[in-house]
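Peer 1: Next one to model:
(chains A and B)
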Amino acid sequence: MNAVVFNSVKKRFRHLPALFNWLGRERGGATEALRGVSLEVPAGKALVLLGPNGSGKTTTLKLISTMLIPDDGSVTICGADTLRDGGEVRRRVGFAVANERSFFPRLTARENLDFFAVLENVPKTVRSARIEEKLSLTGLADAADTLVMKFSSGMYQRLGVARALLKNPEILLLDEPTRSLDPGSALRFWPFVRQLLSAGTTVVLATHNFQEAAAVGDRIAVLRLGEVRSEREFGRNASIDDIKSFYFNAIDDSDVAPVFEAAP
Amino acid sequence: MSQVSLTEKLIAIVRRDVLTTVRYRNGFLLSAVGVFAEMLAFFYLARAIGPSFRPEGVDYFAFLVVGSGFYTFLITGVQAFLSTVQEAQQTGTLEVLMTTSTPAPVLVFLSAFSAFASKLTNLVLFLVVGIFLFRVPLLHPNLLGVVLIFLLSLGVALALGVLAASLQIAVQRGSVVIWALGSVWFLTGTLFPVGALPLPLRWAAWCIPMTHALAGMRGALLLGRSTAELIPEILWLGAAAFILVPASLGVFAWVLRRGRREGTLSAY
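Peer 2: Got it, this is the predicted structure:
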């Protein structure tokens, strides 16, 4: 059974023109974030999304979480349509967002998690134990009573993962989950994701990190300019070089060449 | 089926807001000092004007304390809720909150309620200081009337708060509601009676919910008007709450859907 199904999904962001547009440089128009994407993620498997900046990875995750709704096509999560049955989808999906600051800065890590646990309908009888478990899993037990405004980027990121796991989601969305982690923490994070997969959780992960893709992905999709350019099953023992070559074959040189070129 | 009750959710939201407020220690202290400063200003203003000025038949100092205290409560409640939404947009928390298992309209209404609850402390402090320290005279207050007027006014202000939040999410300018409410304060009978205004402005004043909230509260608290005598204010505020609460939640749901479509939930 497929946990996530994208059926010809289109997503377009209109650039709303400023009221006094003639005063500035902003122009109307639109960005085609997704141009008819179709994807399937079987339950208990991991799909890794690779792609250059602006290729539509985060948009894909936001569409699964119902932060966004599609303009055309449909997104179905465990049989529930995100447009018609958003509540049901939200009960099943946990999202560790890339925005690390999405917490209440003057609450401690434990207070933040307690607040979100209530909103996620985690019953009172198991709430404290669940919070302790997630704090411990993410290595934040010692910082549980620290105001999150004092957290480093990596701690914020781990807290984001803890929050996404609070409701023991069937589908876990991870947006660049190790971007701010130190290498040691990242190396420990990937086996942890594999454990979740073994327990039946479906994972959709967006990343720029080939090592992460190799460590976590059952299947890898490369997005470019809102389209799935290539998609392939990778075995557990996929090498980073295999994934690199798969990625660079799928994208254009123009995605790489214009940035960070030395001046002549 | 939710395994967490609405009350539990409300407590969690109030707890979050209280903890955040008290941890801004200086702001908390300054607002308490502000209450005393305002009270002193009213006391000397009333003394300067003299005891013969009794608007709507009540002592002018009492008129000011109840009018300004209640009006400030209603406006700062709307403002506090709007600030919560603005901060949530800036930090990206809003998007996360809108994808929890709690339906967005429930969450937004409980958050608005909590914002008003935090300002209730100021109102109580204002009235307690006024009554016990500055001897505001109370003539057999009608407590049932006070509660009714308070709840109905709160309902209207909650709806205005949700509308401000909707504007904030839609066009990032929820402060327009605060500006509008701030601009019409002189019509509402906060510092002087509505009867002092020319007829066209009295009609305009009649259309503003705060005018009826203040008239009702002064009538119940300071003049001891019976509940039957308060019926015009109760009916006006009741009708406004009946229309505005569901309308504001409808507008919010529409704005939220638009934000999800345009990807502007966290635009600020």
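Peer 1: From A:Ser74, how far out is A:Arg90?
Peer 2: A:Arg90 sits 17 Å away from A:Ser74, going by CB to CB, to the nearest Å. C-beta coordinates here come from the backbone N, C-alpha and C atoms, glycine included.
Peer 1: Looking at the two, which has the bigger crowd around it?
Peer 2: A:Arg90 (26 against 14; other CB atoms under 10 Å in any protein chain shown).
Peer 1: show me what contacts that one?
Peer 2: Taking CB atoms under 8 Å, 6 or more residues apart in numbering or on different chains as the contact definition, A:Arg90 lies against A:65-66, B:99-101.
Peer 1: Could you tell me which of those are located in helices?
Peer 2: Among the contacts of A:Arg90, the members found in helices (DSSP state H) are A:Ser65.
Peer 1: Going by distance to B:Val194, which of the contacts of A:Arg90 wins?
Peer 2: Nearest to B:Val194 among the contacts of A:Arg90: B:Thr100, at 44.2 Å, using CB to CB.
Peer 1: How many residues are close by the closest residue to that closest one other than its chain neighbours?
Peer 2: Nearest residue to B:Thr100, sequence neighbours excluded (CB to CB, 6 or more residues apart in numbering or on different chains): A:Leu119, at 4.1 Å. Per other CB under 10 Å, the neighbour tally for A:Leu119 reads 21.
Peer 1: I'd assumed B:Met98 was in contact with A:Leu119.
Peer 2: No: contact criterion CB atoms under 8 Å: A:Leu119 and B:Met98 do not qualify, at 10.5 Å.
Peer 1: so which of the contacts of A:Arg90 is the most crowded?
Peer 2: Among these, A:Ser65 has the most neighbours (other CB under 10 Å), with 27 neighbours.
Peer 1: Figure out how far stretch A:65-81 is from the centre of its chain.
Peer 2: Put simply, stretch A:65-81 sits 15 Å off its chain's centre (CA atoms, centre = their mean, to the nearest Å).
Peer 1: Quote the end-to-end distance of it.
Peer 2: Stretch A:65-81 has an end-to-end distance of 11 Å (CA to CA, to the nearest Å).
Peer 1: Would you mind pulling the contact partners of that stretch?
Peer 2: For stretch A:65-81, the external contacting residues (CB under 8 Å, 6+ apart) are A:1, A:3-12, A:34, A:36-38, A:43, A:59, A:62-64, A:82-83, A:86, A:88-90, A:92-93, A:95, A:170-171, A:173, B:95, B:98-99, B:257, B:260-261, B:263, B:265.
Peer 1: Which stretches in the stretch 151-268 of chain B count as helices?
Peer 2: Taking DSSP state H, counting those that start in this stretch to define them, one finds helices in the stretch 151-268 of chain B at B:175-183, B:199-206, B:209-221, B:231-262.
Peer 1: Turn the ones you listed into JSON lines, including mean neighbour count and distance to chain A.
Peer 2: Shown next, in JSON lines, are the helices of the stretch 151-268 of chain B (neighbours: other CB atoms under 10 Å in any protein chain shown; distance: least, CB to the nearest CB, whole Å):
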{"stretch": "helix B:175-183", "mean neighbour count": "15", "distance to chain A": "13"}
{"stretch": "helix B:199-206", "mean neighbour count": "12", "distance to chain A": "28"}
{"stretch": "helix B:209-221", "mean neighbour count": "25", "distance to chain A": "29"}
{"stretch": "helix B:231-262", "mean neighbour count": "17", "distance to chain A": "5"}
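Peer 1: Confidence-wise, which of those helices is weakest overall?
Peer 2: The minimum mean pLDDT among these belongs to helix B:175-183 (a mean of 88).
Peer 1: CA atoms only: put that helix into CSV for me.
Peer 2: Extracted C-alpha coordinates of helix B:175-183, given in CSV (Å, rounded to 0.1, in the frame of the first residue of the first chain):
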residue,chain,number,x,y,z
SER,B,175,-2.7,46.6,12.7
VAL,B,176,-5.3,48.4,10.6
VAL,B,177,-8.0,47.1,13.0
ILE,B,178,-6.0,48.5,16.0
TRP,B,179,-5.6,51.8,14.2
ALA,B,180,-9.4,51.9,13.4
LEU,B,181,-10.3,51.1,17.0
GLY,B,182,-7.8,53.6,18.3
SER,B,183,-9.1,56.3,15.9
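Peer 1: I'd like to know which elements it is packed against.
Peer 2: Applying 3 or more CB pairs under 8 Å, 6 or more residues apart in numbering or on different chains; DSSP states H and E, we find helix B:175-183 packed against helix B:60-91, helix B:143-171.
Peer 1: What mean pLDDT does the shortest one get?
Peer 2: For helix B:143-171, mean pLDDT rounds to 93.
Peer 1: quick one: that helix to helix B:175-183, angle?
Peer 2: Angle, helix B:143-171 to helix B:175-183, by axes from the mean of the first three to the mean of the last three CA atoms, to 10 degrees: 140 degrees.
Peer 1: roughly how far is helix B:143-171 from the heart of the chain?
Peer 2: Chain-centre distance of helix B:143-171: 6 Å, with CA atoms, centre = their mean.
Peer 1: List the buried residues in the helix or strand hosting A:Arg12.
Peer 2: Secondary structure assigned from DSSP states H and E places A:Arg12 in strand A:2-14. Within strand A:2-14, the residues scored as buried using 16 or more other CB atoms under 10 Å in any protein chain shown are A:2-6, A:9, A:11-13.
Peer 1: Quickly name whichever of those residues is closest to B:Met39.
Peer 2: Using CB to CB, the buried residues of strand A:2-14 come closest to B:Met39 at A:Phe13, 51.3 Å.
Peer 1: Now do the same contact list for A:Phe13.
Peer 2: By CB under 8 Å, 6+ apart, the contact set of A:Phe13 is A:30-31, A:33, B:262-263.
Peer 1: before we move on, the earlier item: what sits in contact with each of A:Leu119 and B:Met98?
Peer 2: Residues touching both A:Leu119 and B:Met98 (CB under 8 Å, 6+ apart): B:Leu107.
Peer 1: who in chain B is up against chain A?
Peer 2: Counting by CB under 8 Å from any CB of the partner chain, the residues of chain B close to chain A are B:2-4, B:8-9, B:12-13, B:15-16, B:19-20, B:23-24, B:91-93, B:95-103, B:107, B:257, B:260-263, B:265-266.
Peer 1: List buried residues within the residues you listed.
Peer 2: Among these, the ones that count as buried by 16+ other CB under 10 Å are B:4, B:8-9, B:12-13, B:15-16, B:19-20, B:91-93, B:95-102, B:107, B:260-263, B:265-266.
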